[in-house]
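Asker: What shape does this take:
(2 chains)
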Amino acid sequence: AQSVAQPEDQVNVAEGNPLTVKCTYSVSGNPYLFWYVQYPNRGLQFLLKYITGDNLVKGSYGFEAEFNKSQTSFHLKKPSALVSDSALYFCAVSHDRDDKIIFGKGTRLHILP
Amino acid sequence: DAGVIQSPRHEVTEMGQEVTLRCKPISGHNSLFWYRQTMMRGLELLIYFNNNVPIDDSGMPEDRFSAKMPNASFSTLKIQPSEPRDSAVYFCASSLRLGPQETQYFGPGTRLLVL
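Answerer: From the prediction side, this is the model:
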């Protein structure tokens, strides 16, 4: 069975500082990993995904994530946080034997001005 | 270019009433997903369709929940009768194809409150 964990319910970062939102996963087979963002009263928006190839994936709004197979992690990063990055971030995983995507519980990111 | 459209955006109803949520996927997408989001349980997949055919409804919580997709541009999620524990935000999402690598595009959600 596949699963995804976001160990932090909330992350606080000062504006301009680098940010990291953590994600670990467990799957049988090749993992496909996603990050989505949800702003208040909105649906989830796709940020980036890892399917294969380069372990460093670049996505929307300056975000990037690094696939680490040995640590089964896919942490989301941004070099310099903006107040407008404050939102709920979801990590998600699927694998090549299932069409379903499993979402983590979400991490609320607060960027402090 | 319109994204996934959901209606209504908000619904308040009384326990026992029938509730119908509607979704129009992105044109050209052949897969559609219904999710439910609550604080306690997070984001749960209820059911998904491929080419208008239900593929997996194992996430549907009870027989009170049903979903249909009569054509490629419309789907409904119905709750009959509704109960207070059904209060949640219901999202519809679509993807170009069915597959584990596919990006899903979410609608704005329907916030349901059952009194």
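
Asker: and the spatially most central residue of chain B, bridged to which residues?
Answerer: In chain B, the residue lying closest to the centroid (C-alpha atoms, centre = their mean) is residue B:34, at 3.1 Å. Here residue B:34 sits in beta bridges with residue B:47, residue B:92, going by DSSP bridges.

Asker: is it true that it touches residue B:89?
Answerer: No - the pair residue B:34 / residue B:89 is not scored as a contact, 11.7 Å apart, by C-beta atoms under 8 Å. Heads up, the C-betas are built off the backbone N, CA and C, glycines and all.

Asker: After the lowest-mean-pLDDT helix or strand in chain A, which helix or strand is next?
Answerer: Ranked by mean pLDDT, DSSP states H and E, the weakest helix or strand in chain A is strand A:98-103, scoring a mean of 88. Sequence order places strand A:107-112 as the next helix or strand after strand A:98-103, per DSSP states H and E.

Asker: I'd guessed residue A:64 sits against residue A:50; true?
Answerer: No - counting by C-beta under 8 Å, residue A:64 stays clear of residue A:50, with 10.6 Å between them.

Asker: follow-up on the earlier one: quick check: the residue nearest to the centre of chain B vs residue A:55, distance?
Answerer: 33 Å (C-beta to C-beta, to the nearest Å).

Asker: now swap in residue A:73 and tell me
Answerer: Residue A:73 is 11 Å from residue A:55, by C-beta to C-beta.

Asker: cool, and residue B:41?
Answerer: According to C-beta to C-beta, residue B:41 stands 32 Å off from residue A:55.

Asker: what does the model give residue 81 for pLDDT?
Answerer: You didn't say which chain, so I picked chain A. On the pLDDT scale, residue A:81 is placed at 97.

Asker: let's do chain B instead
Answerer: Reading off the model, residue B:81 has pLDDT 96.
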